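**Q** Any chance you can model this:
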Amino acid sequence: MFGIITLAVAAAATFFGYTQSRRFVRNRLRFVDKVHSGGIPALAGFAAMAVAMPVTAILPLVGFGTALLFGIGVGTGVAAGRSDIRHRRVGSGS
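**A** Below you'll find the model as predicted:
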């Protein structure tokens, strides 16, 4: 029972990190040239994991894996948002 809840929380955190970071990069960082640098998605993912680590230490049912997946979600979201900008798939609504 707790394993399923833990898995659902980790999946929700990963999905949230991915969608929000992709939307932020696509809509807000559209004209920032630094977002196209090579290591920016990894840096954003590492920073998100570092911010999530204290939160996962306090909350029950989540741990290092959840913080790691959240960081991976943010990093891939930044990379996807960067790709959207390059391929001109920038929209104001989503």
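**Q** Now the spatially most central residue of the chain: which helix or strand?
**A** Of all residues in the chain, the one closest to the mean position by CA atoms, centre = their mean is Val74, 1.4 Å from it. Applying DSSP states H and E as the criterion places Val74 in helix 64-86.
**Q** buried set for that helix?
**A** Buried positions in helix 64-86, judged by neighbour count with 16 or more other CB atoms under 10 Å: 66-82, 84-85. For glycine as for every other residue, the C-beta is placed from the backbone atoms N, C-alpha and C.
**Q** And for stretch 50-60, what's in contact with it?
**A** With contact meaning CB atoms under 8 Å, 6 or more residues apart in numbering, stretch 50-60 is reached by 13, 62-64, 66-67, 70-71.
**Q** give me that answer again for 6 Å
**A** Identification of contacts with stretch 50-60 by CB atoms under 6 Å, 6 or more residues apart in numbering yields 62-63, 66-67, 70.
**Q** Closest one of the residues you listed to Arg26?
**A** Nearest to Arg26 among these, counting by CB to CB, is Phe70 at 19.3 Å.
**Q** biggest helix in the chain by residues?
**A** The single longest helix within the chain, with elements called by DSSP state H, is helix 2-27.
**Q** Need the CA coordinates for the helix or strand that that one is followed by. CSV is fine.
**A** Per DSSP H and E, the first helix or strand lying C-terminal to helix 2-27 is helix 40-58. Provided in CSV are the C-alpha atoms of helix 40-58 (Å, rounded to 0.1, in the frame of the first residue of the first chain):
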residue,chain,number,x,y,z
ILE,A,40,22.0,24.2,-18.6
PRO,A,41,19.5,21.2,-18.4
ALA,A,42,21.9,19.3,-16.2
LEU,A,43,22.5,22.3,-14.0
ALA,A,44,18.8,23.0,-13.6
GLY,A,45,18.1,19.3,-12.8
PHE,A,46,20.9,19.3,-10.2
ALA,A,47,19.6,22.5,-8.6
ALA,A,48,16.1,21.2,-8.5
MET,A,49,17.3,18.0,-6.8
ALA,A,50,19.3,20.0,-4.3
VAL,A,51,16.2,22.1,-3.4
ALA,A,52,14.0,19.0,-3.1
MET,A,53,16.5,17.1,-0.8
PRO,A,54,15.6,18.9,2.4
VAL,A,55,11.9,18.6,1.6
THR,A,56,12.2,14.9,1.1
ALA,A,57,14.1,14.5,4.4
ILE,A,58,11.1,16.0,6.3
